[in-house]
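Curious how this folds, go ahead:
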Amino acid sequence: MPQNTNTAPAAHAAPNIRKLVSIRRISHTSRIPRTRFARVSVDGWSVVERTSRGYSAGQLVVFFEIDSFIPATDDRIWELHQYFVEDALGRKGLRVRSCSAYGVMSQGMMFRVEDVREVSEELERLVAKHGPQEGTKMAMEMSFEDLLGVTKWELPVHAAVEGSLGPPPDFFPMPGYLRAQNKPSLFDKDKMANMYHVTEKLDGDTMVVYHLSKDSPWNHSLPTTEGVHWVEDGRIGVCNRRADIAEDSQSIFWEAAHKQNLLDKIQKMGIRDVALLGELCGSTVLKNTMDFPEGEHEFFAFDIYDIGKQKSLPFEETQAIFKRLDIPHVPVLGRVRMCDFARNLNELLRKAEGTGCMGQNREGIVLTSVKDGSQTKVISNSWLLEKGM
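Okay, the predicted model is just below:
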């Protein structure tokens, strides 16, 4: 099929960019009774630290979120070498993870700003140029993982070879939800009456099935090589976060798309250029925390993205299409008003606990704002500890 030479519209803006390493301000500290340790709170996170380190409320620190993978070459973590692991690419380093210490959930790692030279130099430069208040504010809005060589910890997803057509398309956003701990404004007084749809957070690998009409301006950005699935009115693709996957590859993603008849269903949505976003879960995906039987995989949808309009469909419209076309989707747990559901972060974290759709300890929940569609994930602390996350 010849490529369309029309100029594509501007692609979407990246949603919810997660900052793995950033400058934060300590909100408060509290001594853990009968120990030499303290709970140090940063935004919604708590970290157990030795009292001898002298952290205090109001102090600026360099904070590493859980799932940060710090390279073994970083001298600041040499004392923790016994905890080094290898990531999916075979690189050695330290994975920042959740743990329970002295009865306190500890999530993250921190250093004094002056102990991280690369960060302190940038802070000093901004303060010198813009003044203490504005310079500090600008530095706290920055993300420092690239500067420090820190990456997001990734587990191997699937051992089978996946033929790639190239990187995933850029005309729809890959899902990315900020954690509740990073959104303290959820509990602002003027937002407590906000309504949210609550769905179960499933532990899988991002999967997107997309359809482009044959005259779509987005076609020119995609290859026309072997492995493309052509249909009468255009093309259908399947991708994950890493690649646009060739149909003729040995891929569990394409296998699930065919098995669940998604290629036919996406053409019946009534949207010319559209992406169906969801999670592929199953026995060979991540750690199979949902306990799927050997060899079984299933796709669960959670969003429909209108590529032409560059926006997601409203929640109710999405659910109506899922129902009409019998598309498996993440479990919907309810519609709630924040003030009735949770009054603070601790209460919200308790709401994340529960039994999942497969009878397992669930990963957590996702809140979707009725007002603007913004989404927040709330991960179960017991799940994090149980699964070693």
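
Ala256 and Ser185, how far apart?
For Ala256, the distance to Ser185 equals 37 Å [C-beta to C-beta, to the nearest Å]. (Each C-beta comes from the backbone N, C-alpha and C, glycine too.)

So for those two, which sits in the more crowded spot?
A side-by-side neighbour count of Ala256 and Ser185, using other C-beta atoms under 10 Å, places Ala256 first with 21 against 8.

how would you label that one: helix, strand or coil?
Of the three states, Ala256 takes helix according to DSSP: H, G, I helix; E, B strand; the rest coil.

need the contact list for it.
For Ala256, the residues meeting the contact criterion (C-beta atoms under 8 Å, 6 or more residues apart in numbering) are Met207, Leu262, Leu280, Gly282, His297, Glu298, Phe299.

Likewise for Val40?
By C-beta under 8 Å, 6+ apart, the contact list for Val40 reads Ile26, Thr29, Ser46, Val47, Val48, Glu49, Tyr55, Met110.

go again using 6 Å as the cut-off
Residues in contact with Val40, defined by C-beta atoms under 6 Å, 6 or more residues apart in numbering, are Ile26, Thr29, Val47, Glu49, Tyr55.

try Phe64
With C-beta under 6 Å, 6+ apart, Phe64 has these contacts: Val21, Val96, Met109.

Quick check: bridge partners of it?
With DSSP bridges as the criterion, Phe64 is bridged to Val21, Met109.

Look up how far Asp87 lies from it.
Distance check for Phe64 against Asp87: by C-beta to C-beta, it reads 15 Å.

go on, Val61?
Between Val61 and Asp87 the distance, using C-beta to C-beta, works out to 25 Å.

The two: which has the busier surroundings?
For Val61 and Asp87, the more surrounded residue by other C-beta under 10 Å is Val61, and the numbers stand at 24 against 17.

Excluding covalently adjacent residues, which one is nearest to the more buried one?
On the basis of C-beta to C-beta, 6 or more residues apart in numbering, the spatially nearest residue to Val61 that is not a chain neighbour turns out to be Met110, at 4.3 Å.

Regarding Phe253, what is its secondary structure?
The assignment at Phe253 comes out as helix when based on three-state DSSP.

Surely it and Ala246 touch.
No. Phe253 sits out of contact with Ala246 when judged by C-beta atoms under 6 Å, with a separation of 10.5 Å.

Those two - which one has more neighbours?
The residue with more neighbours, out of Phe253 and Ala246 and counting by other C-beta under 10 Å, is Phe253; that gives 25 against 22.

what sits against the more buried one?
Met207, Val238, Ile245.

try 7 Å this time
Neighbour list for Phe253: Met207, Val238, Asn240, Ile245, Leu280 [criterion: C-beta atoms under 7 Å, 6 or more residues apart in numbering].

For those, which entry has the maximal number of neighbours?
Val238 (29 neighbours).

Just the element for that residue, please.
Using DSSP states H and E, Val238 sits in strand 234-239.

Val127 now?
Val127 belongs to helix 117-130 when assigned by DSSP H and E.

The helix or strand following that helix - contacts with which helices or strands?
For helix 117-130, the following helix or strand on the C-terminal side (DSSP H and E) is helix 132-140. Packed against helix 132-140, as judged by 3 or more C-beta pairs under 7 Å, 6 or more residues apart in numbering; DSSP states H and E, are the following elements: strand 21-31, helix 117-130.

winner for burial among these?
Compared across the helices and strands packed on helix 132-140, strand 21-31 shows the largest average neighbour count, a mean of 18 (mean count of other C-beta atoms under 10 Å).

who touches it?
Against strand 21-31 from outside (C-beta under 7 Å, 6+ apart): 38-43, 51, 55-64, 68, 113, 119, 123, 139-140, 142-145, 148, 150.

Any regions of the stretch 1-150 of the chain where pLDDT drops low?
Low-confidence segments of the stretch 1-150 of the chain, defined by pLDDT under 70, are located at 1-16.

if we can go back for a sec, can you check which of the helices and strands packed on helix 132-140 gets nearest to Leu276?
For the helices and strands packed on helix 132-140, distance to Leu276 was read as C-beta to C-beta. The smallest value, 33.0 Å, belongs to strand 21-31.

what angle do the closest one and helix 132-140 make?
Interaxial angle of strand 21-31 relative to helix 132-140 (axes from the mean of the first three to the mean of the last three C-alpha atoms, to 10 degrees): 110 degrees.

what's the domain layout of the protein?
If the domains of the chain are taken from automatic domain parsing, they occupy 21-149, 164-386, with pieces of a single domain joined by a plus sign.

Point out the most buried one among these.
Relative to the other members of those, domain 164-386 carries the highest mean neighbour count by mean count of other C-beta under 10 Å, namely a mean of 18.

Could you tell me the end-to-end distance of that one?
Taking C-alpha to C-alpha, to the nearest Å, the span from the opening residue of domain 164-386 to its closing residue is 34 Å.

Contacts for the strand holding Val238, please.
Counting by C-beta under 7 Å, 6+ apart, 168-169, 208-214, 216, 228-229, 244-245, 253-254, 257, 263, 266 sit against strand 234-239.
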